[in-house]
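**Q** following is a predicted model, sequence given first.
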Amino acid sequence: MQATLEQALKLGLREEEFEQIKLILGRTPNFTEVAMYSVMWSEHCSYKNSITWLKTLPRDGDKLLVKAGEENAGLVDIGDGWACVFKIESHNHPSAIEPFQGAATGVGGIHRDIFTMGARPVAALNSLRFGSLDNDKTKWLVKGVVKGIGHYGNCFGVPTVAGEVYFEDCYQTNPLVNAMSVGVVRIGATVSATSHTEGSPVFIVGAATGKDGIGGASFASADISGSSAEQLPAVQVGDPFEEKKLLEACLELIPTGALIGMQDMGAAGITCSTSEMSAKGEHGMIIHLDKVPVRQLNIKPWEMLLSESQERMLIVIKQGTEAVVKKIFDKWDIHCVQIGEVTKDKNLKYYMNGELVADIPAESLVLGGGAPIYKRDFKEPSYFSEINKFDIDSVIEPALLKETASNLIKLPNIASKKWIYEQYDSMVMTGNTQTNSPSDASVVRIHGTKKALAVTTDCNSRYVFADPYKGAMIAVCEAARNIICSGGMPVAITNCLNFGNPYNPEVYYQFVNAIKGMGEACRKLDTPVTGGNVSFYNQSEDGPVYPTPTIGMVGVLDSLDDKMTLGFKHSGDLIYLIGEQKNDINCSEYLHHLCGVKYSPAPYFNLEQEYLVQQTVSRLIDERLIKSAHDISEGGLFTCLLESAMVNNLGFHIYTLPTLRKDAQLFGEAQSRIVVTVKPEIHTFFEAELKSVPFLKLGHVRANDEITIDHENWGLVNDWKMVYDTALESLING
Amino acid sequence: MKFGVIVFPGSNCDRDMVNALSDDLKQEVVMLWHKDNDLSMFTTDDCIVLPGGFSYGDYLRCGALARFSPMMEQVINFAGKGGKVLGVCNGFQILCESGLLPGVLLQNDHQRFICKNVFIKSNSKENIISNHIGNKVLKIPVAHNEGRFYANTETIKELTENNQIIFNYCDESGEVHLDSNPNGALNNIAGICNATRNVFGMMPHPERACSNDLHNIDGRGILMALTHRN
């Protein structure tokens, strides 16, 4: 039965896309075929509105073992015959509707992207955005998302080692849930998502297929609206136990040499995996849908093809290895069924009980093949005029700085995220070294080597909103700064680009400029982009979310002995600020949430100076000249010092400069600043080593737990800690 | 003397346990698959470890299915002959479900998964673990959703009188009180042993506190204690 234009439009395709499909096939497609195109050509799978700009990002580097987009995740050489596989992905739309399952399957999906390449995941990270915590729905979302992430990750047995959480009104209807996974693999032991050699058997392994998640990719490519809850079947249900078994079975299968290719089934399920593998290997497939193990009766062919049931893989194996493969999956009690074979003909032919239900050239479905590519219009957002109006002199300096500081550290964006991260197993696999010696990025040792990975997710979307170009540069640089402060060398990034509707020219302006800024920073720091995910349509009736290009960065420590930590170590150590104090409160938590100024420019940032500061601190760590390093980010210098003080319950004394506003010095978020501590006996040598980099001696670490600023008593570290540790929990349960 | 670590399909602390025992403590370790049913290579000097994780997904009740695995039948026999058995976290839950240890582990009182360092202290003396670590306060991580030890009054009385409570949650200075209890366990119970003192169960993870790289080696004493004869 031929499909109609009306059906195509209903599935999210555009009229010209429907015409294009007719042209490709040389006939009018049937409904099943249109449904397949609709998911494969959705933004989620095709990147049709973003790929032009994504291609401007640096995607090459001597450490990159595969190019961006070539495989399911980035693959980076970390030395000694080891490689790191990592990727970040969004699960925003499902989490907005069903926070527990939405977040859980986000975690499951990203881990599958890693082990489908043959790597064992060793660390999970996330980046979350919610609306205001005084809203009951936000509390429900936070609790559900956190429980979902914990449920999946804890059972799957990979530690959640780092993350970030922000609360802003713009995320009220449309929260963001970005999940990242990092794995390690021996170079040469990876698996490609390809398919070739006529007659090779095609197997589906893992969970049975149901109707869950049908059209999830299309769902992710539309605005959230009042009727979104009706799309519940578009939300998938996760089973971490099944995935744990699948992981072990897949990793056991690889050394047997039976595999030709493997790809997980995420968005667009069987359609996506069969078409992407076939297109890559320049072959086709015959697939018998009636052979697919199902968990319910009467699943129609198009439902089977679009189902996003979790914990499934498509594997293509060498002829004659069937018994080897079956034995492994039997051991783990996992479905393993041959559903088809590879053909020389490059079409994908899907049969149901002998009847041909779809016949499509594989190439025509995929990105880089037949999927459309659009250039969207963009124009400077009108709110920029509001931002440019900001004048620091309109903000009166608070008379009671200590009270201001106390209110600042209670803000949910600043306060400890303990209530959240203690619900995640952060220690399983005994690789995460953060528990007893925290540093800015999480440092995860690689068993069997001296090496460790430093990993982090970062994005201050308020900065990106104020200045997409500069804000995206800051996101990249902050990630790198965190890795540098942990003793690592930044290697590469993955990005999760969360934006509003790309058909809105102002949103598209944010996107284009964020990509430009990200590209420039990545080129400067030599951290190419290995891949990632684009999530448009993060908007509701209230408008788009802040542009949120989350950066997931991986760095390497050649030896765990190189690790630097953020806590103050000894009384008497001198506290230095590397970088410059500025008369700048732009976009700070202080200005935004305590002074109530919603529009201000992005904070001070200079890419050259940032680079110099990072290189300097990296050298100081190499030369073993500093005892701690912690970068200044949200909440400014005071928050930074307090965080260093709380680790070992050591107070500090500092002086401020008389020439600059005190609120700017203590709470401002000017970039490119790192606080380090130094043994007093080497301070002359240390200062000489700083060469041309601006620095400032702030004060010293105290022998007790008192905090004093300009000789004024600011109380005890433990009292501050009590407030800092419990503020978020009170807001969530309040 | 050697250790055997059982791998259930949802075990996820099995490798951690093997790494701690072999890399950090230089002990001989054998991994055992749950579908196998041969423990003939083990003598009562040896120790079988049930590691943490989610054994069979734990969708029914933690450890409820694992007790029916072929290997568990062998473990029950092995324990009956006096062999040493240690269950950590999910392993502890399995030991309770299989009747090798009394009591049950219920959902945490705050109804959330909790992963953090806690402090525990041994108050008894009459078992190999307590004998070897004394009453030193140990910092050991917990990571569980169902760790609230519960038993009826009679059982608690028996455990107490018979010195079968091997660990209580305490604070850094060793004080046992409500604030140092991470899950609402009765009497702050973190670990127990059976009446014959050869089967041990504890919620905290000693294998996560055995490496200098992790800046915490408080767990070493607990595992090393098991290398000694009962």
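**A** Everything's here; your move. Residues are numbered from 1 along each chain as shown, chains lettered A, B, ... in the order given.
**Q** use CA for all of it now, contacts and neighbours both
**A** Fine.
**Q** part of a helix, is A:Thr530?
**A** No: with DSSP: H, G, I helix; E, B strand; the rest coil as the criterion, A:Thr530 is assigned strand and is not in a helix.
**Q** wouldn't it be in contact with A:Ala68 here?
**A** Yes: counting by CA atoms under 8 Å, A:Ala68 is a contact partner of A:Thr530 at 4.5 Å.
**Q** what touches both of the two?
**A** Both A:Thr530 and A:Ala68 are contacted by A:Arg59, A:Gly74, under the criterion CA atoms under 8 Å, 6 or more residues apart in numbering or on different chains.
**Q** looking at these two, which is more packed in?
**A** Neighbour count, other CA atoms under 10 Å in any protein chain shown: between A:Thr530 and A:Ala68, A:Thr530 has more, with 30 against 23.
**Q** what sits against the more buried one?
**A** By CA under 8 Å, 6+ apart, the neighbours of A:Thr530 are A:59, A:64, A:66-69, A:73-75, A:87, A:492-494.
**Q** tell me which of the residues you listed is nearest to A:Ala123?
**A** Distance to A:Ala123 across the contacts of A:Thr530 (CA to CA) is lowest for A:Lys87, with 11.2 Å.
**Q** and chain A, what are its domains?
**A** Using automatic domain parsing, the domain ranges for chain A come out as A:1-40+A:192-373, A:566-734.
**Q** what's the closest of these to chain B?
**A** domain A:1-40+A:192-373 (4.9 Å; CA to the nearest CA).
**Q** pretty sure A:Glu164 contacts A:Asn126?
**A** Yes: counting by CA under 8 Å, A:Asn126 is a contact partner of A:Glu164 at 6.6 Å.
**Q** anything in contact with each of these two?
**A** Counting by CA under 8 Å, 6+ apart, the shared contacts of A:Glu164 and A:Asn126 are A:Thr457.
**Q** what about these two, which has more around it?
**A** For A:Glu164 versus A:Asn126, neighbours defined as other CA under 10 Å are more numerous around A:Asn126 (26 against 19).
**Q** what number of residues are in the vicinity of residue 211?
**A** Picking chain A for this. A:Lys211 is flanked by 22 other residues according to other CA under 10 Å.
**Q** wait, chain B
**A** Using other CA under 10 Å, B:Ser211 has 20 neighbouring residues.
**Q** before we move on, what about A:Asp542?
**A** Using other CA under 10 Å: A:Asp542 sits among 12 other residues.
**Q** measure it to A:Tyr171 for me?
**A** 9 Å (CA to CA, to the nearest Å).
**Q** how about the helices in the stretch 501-650 of chain A?
**A** A:505-525, A:589, A:607-622, A:636-648 (DSSP state H, counting those that start in this stretch).
**Q** between these, which gets nearest to A:Asn135?
**A** Nearest of those (CA to CA): helix A:589, 19.4 Å.
**Q** for chain B, longest helix please?
**A** The longest helix of chain B (DSSP state H) is helix B:70-80.
**Q** hmm, back to that, need the domains of chain A in CSV (columns: mean pLDDT and distance to B:Cys210).
**A** CSV is the format used below for those (pLDDT from 0 to 100; distance: least, CA to CA, whole Å):
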stretch, mean pLDDT, distance to B:Cys210
domain A:1-40+A:192-373, 90, 25
domain A:566-734, 97, 21
